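Asks: Based on what follows, work out the 3D shape:
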Amino acid sequence: MVWTMGAQPPASVPPPGAPSGMPAGPPAGPPLHLPAGPPAAPPAAPPVQLPEDYTPTARDLPVIGRTDTLIDHPVVLPVPEPATSPDMPGGMGPLYVVGDVHGFYDELREALAAEGLIDADGDWAAGNARLWFLGDFTDRGPDGIGVIDLVMQLSAQAAAAGGYCKALMGNHELLLLGAKRFGDTPVQSGAGTASFQAAWLLNGGQKSDMDRLEDHHLQWMARLDAVMEEDGHLLVHSDTTAYLEYGGSIEAVNDTVHEVLTRSDADEVWDLFRKFTKRFAFRDESGSQAVRELLDAYGGNRVVHGHSPIPYLLGEVGAEDGEGDGIAVNGPHVYADGLAIAMDGGITMAGKLLVVQLPLTG
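Replies: Coordinates of the predicted model:
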C-alpha cells in the first residue's frame, strides 16, 4: 500500500522525554483539561520536516479515517498451512513477532491468518509456533479490548498446542493502566502538572475500551514483561535506551517494572510511562551504538521493536507535492547498521499491521 501523509506535530514541540500533552519550557497555567471523550481528528496540516531531536509523545501520530473496519465482521482470508517446524531445536516451532496493533482487531486477524497462525474462526492454528506481540494493543483504533481478548485467547490455545503466544508491555498499556487507576490525579512531570486521564485522551484513548475494561484485563497488562530475548533477537516495545535505567539484566528490568506497578504510586508510574514513550534512539548516526548498549546489557544480536511508525523513522511522513512520493510499508525496516528491526507499520496512519517470521530473510 502506497500512501502519503502530512505530519501533525503539536503546536509546541516538547523536548525529548517530555510527557504527553505538556508544553515545552517551564510550567505555565493550570493542569491540562480535555473533553470527556476522544478528541476529533485534527485537520490535515501541510507536510513538515520533523526536527532531528523530535520525540513525539503528544497527539502527533495522525489517525487516518478508516471506513473498512467493522468490529463485528472481521475479514476472513483463506488460511495457509499451519506454520509448524518440528525440526527446530527443543521441539519449538518458528518465531513470529507482531508490531503495534492499536485496536485494529480486524486487521490483526487478517494478518495472523495470512501467516497461518490462526484459522477462519480466529483460533490458534500454528501448533508449536512461537508468537510475540511487541505491545500497544489499545488506543487510536476501534477495538482495543477485542485485541486484548484475542491475544489472551491465543495464549491459552497456543500453550495447549505446544507453542506459545506472549506479549510485551507497551507505553499504551501503561497509559491505559494509569488512566484507569489514577484518572485525573495530578502527577508531577518535567513540564508541570499532568494527569493520566488527560494524556490517555490526548493519545487516542477510546471510551468504548474504558467501558469494557475489566479486572482480568488490568491484571494481564500489569504482568506483562518489558524485555525478552528469543533466538538472538532482543524484543522490546520502544526504540529507547531507557530500559537500562531499570536494570542491568532482562530479569532485573522486568522485576523492576512489575514492582513499580505493584506499588501503584502515580508519580512513579508516570515516570515509567514517560520513559517508555521516548523514541528514535537508534535512528541517527549514533543509533548503532545505542543498540549495542542494549545488546551488551541484555544479550542478543539484533533489537526488534515497535512504537515508532516506520514512516516516522524514515523521516518521510509526507511529500511536498502530495503525489507519487508516498511510503510503501510492506515489511519491517532494518536500520542502525542492521542491528535494529522496526515493526510498527503505521496501522493508525493507514499503513500496514506487520506480522513477520524471524529471522528475517532476503
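
Asks: wait, what's in contact with the closest residue in space to V269 that isn't next to it in sequence?
Replies: The shortest distance from V269 to any non-neighbouring residue, by C-beta to C-beta, 6 or more residues apart in numbering, is to G178 (5.4 Å). C-beta coordinates here come from the backbone N, C-alpha and C atoms, glycine included. Contact analysis of G178 by C-beta atoms under 8 Å, 6 or more residues apart in numbering lists F196, A199, W200, A266, V269, W270, F273.

Asks: What about these, which are in helices?
Replies: Counting by DSSP state H, the contacts of G178 place F196, A199, W200, A266, V269, W270, F273 in helices.

Asks: my guess is the second one meets L175, correct?
Replies: Yes: counting by C-beta atoms under 8 Å, A199 sits close enough to L175 to count as a contact (6.2 Å).

Asks: Let's have the ones in helices among the contacts of G178 in CSV, adding distance to G338.
Replies: Output for the ones in helices among the contacts of G178, formatted as CSV (distance: C-beta to C-beta, whole Å):
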residue, distance to G338
F196, 37
A199, 35
W200, 36
A266, 40
V269, 35
W270, 35
F273, 30
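
Asks: and of those residues, the nearest to A129?
Replies: Nearest to A129 among the ones in helices among the contacts of G178: F273, at 31.7 Å, using C-beta to C-beta.

Asks: any idea what sits nearest the closest one, other than its immediate chain neighbours?
Replies: Per C-beta to C-beta, 6+ apart, closest to F273 is L174, 4.2 Å.

Asks: so where does that neighbour fall, helix or strand?
Replies: Assigned by DSSP states H and E, L174 belongs to helix 171-182.

Asks: Buried residues, that helix. List them.
Replies: By neighbour count with 16 or more other C-beta atoms under 10 Å, helix 171-182 contains the buried residues N171, H172, E173, L174, L175, L176, L177, G178, A179, K180, F182.

Asks: Hmm, the fifth one is touching F273, no?
Replies: Yes: with contact defined as C-beta under 8 Å, L175 and F273 form a contacting pair (5.9 Å).

Asks: Show me whatever sits in contact with both of these two.
Replies: F196, A199.

Asks: what residue ranges in the stretch 251-362 of the chain score low on pLDDT?
Replies: Counting by pLDDT under 70, the stretch 251-362 of the chain shows low-confidence ranges at 316-327, 362.

Asks: Just the strands from it, written as ranges.
Replies: In the stretch 251-362 of the chain, the strands defined using DSSP state E, counting those that start in this stretch lie at 302-305, 327-328, 333-335, 340-342, 355-358.

Asks: picking up where we left off before, quick one, what contacts the residue nearest to F273?
Replies: V269, L272, F273, F276.

Asks: Contact partners for the second one?
Replies: Applying C-beta under 8 Å, 6+ apart, one finds that L272 lies in contact with L174, Y246, V257, V260, L261.

Asks: could you measure it against G144, distance?
Replies: Going from L272 to G144 by C-beta to C-beta, to the nearest Å gives 20 Å.

Asks: that older thread, export the ones in helices among the contacts of G178 to a markdown table and tack on distance to G99 and neighbour count?
Replies: Converted to a markdown table, the ones in helices among the contacts of G178 look like this (distance: C-beta to C-beta, whole Å; neighbours: other C-beta atoms under 10 Å):
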| residue | distance to G99 | neighbour count |
| --- | --- | --- |
| F196 | 24 | 28 |
| A199 | 22 | 28 |
| W200 | 21 | 27 |
| A266 | 30 | 17 |
| V269 | 25 | 22 |
| W270 | 25 | 24 |
| F273 | 20 | 23 |
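
Asks: for those residues, which one is nearest D139?
Replies: So of those, ranked by how close each gets to D139 (C-beta to C-beta), first place is W200, at 7.4 Å.

Asks: ok now do the closest one, which residues does it touch?
Replies: Counting by C-beta under 8 Å, 6+ apart, W200 has contacts D139, L175, L176, G178, A179.

Asks: which pair in those spans the largest distance?
Replies: D139 and G178, at 12.2 Å, using C-beta to C-beta across these.

Asks: How about G306, nearest residue that isn't a chain neighbour?
Replies: Distances taken as C-beta to C-beta, 6+ apart place L134 nearest to G306, at 3.9 Å, with adjacent residues excluded.

Asks: my read: that neighbour touches H102, true?
Replies: No: using C-beta under 8 Å, L134 is not in contact with H102, being 11.7 Å away.

Asks: more crowded one of those two?
Replies: H102 (28 against 25; other C-beta atoms under 10 Å).

Asks: Residues contacting stretch 151-169, please?
Replies: Under C-beta under 8 Å, 6+ apart, the answer for stretch 151-169 is 91-93, 118, 122-124, 126-135, 137, 220-221, 224-228, 235-237, 257, 276.

Asks: out of these, which are buried?
Replies: For those, buried by 16+ other C-beta under 10 Å: 92-93, 118, 122, 124, 126-135, 137, 220-221, 224-228, 235-237, 257, 276.

Asks: neighbours around the closest residue to H217 other than its chain neighbours, how many?
Replies: Nearest non-adjacent residue to H217, counting by C-beta to C-beta, 6+ apart: I148, 5.6 Å away. As a burial measure, I148 scores 27 neighbours (other C-beta under 10 Å).

Asks: those helices in this structure, which residues are they?
Replies: Going by DSSP H, the chain shows helices at 105-114, 144-160, 171-182, 196-202, 207-212, 215-222, 250-263, 266-276, 287-298, 310-313.

Asks: will you turn these into CSV that also has distance to A242?
Replies: As requested, these are arranged in CSV below (distance: least, C-beta to C-beta, whole Å):
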stretch, distance to A242
helix 105-114, 27
helix 144-160, 24
helix 171-182, 10
helix 196-202, 17
helix 207-212, 26
helix 215-222, 19
helix 250-263, 10
helix 266-276, 4
helix 287-298, 10
helix 310-313, 17
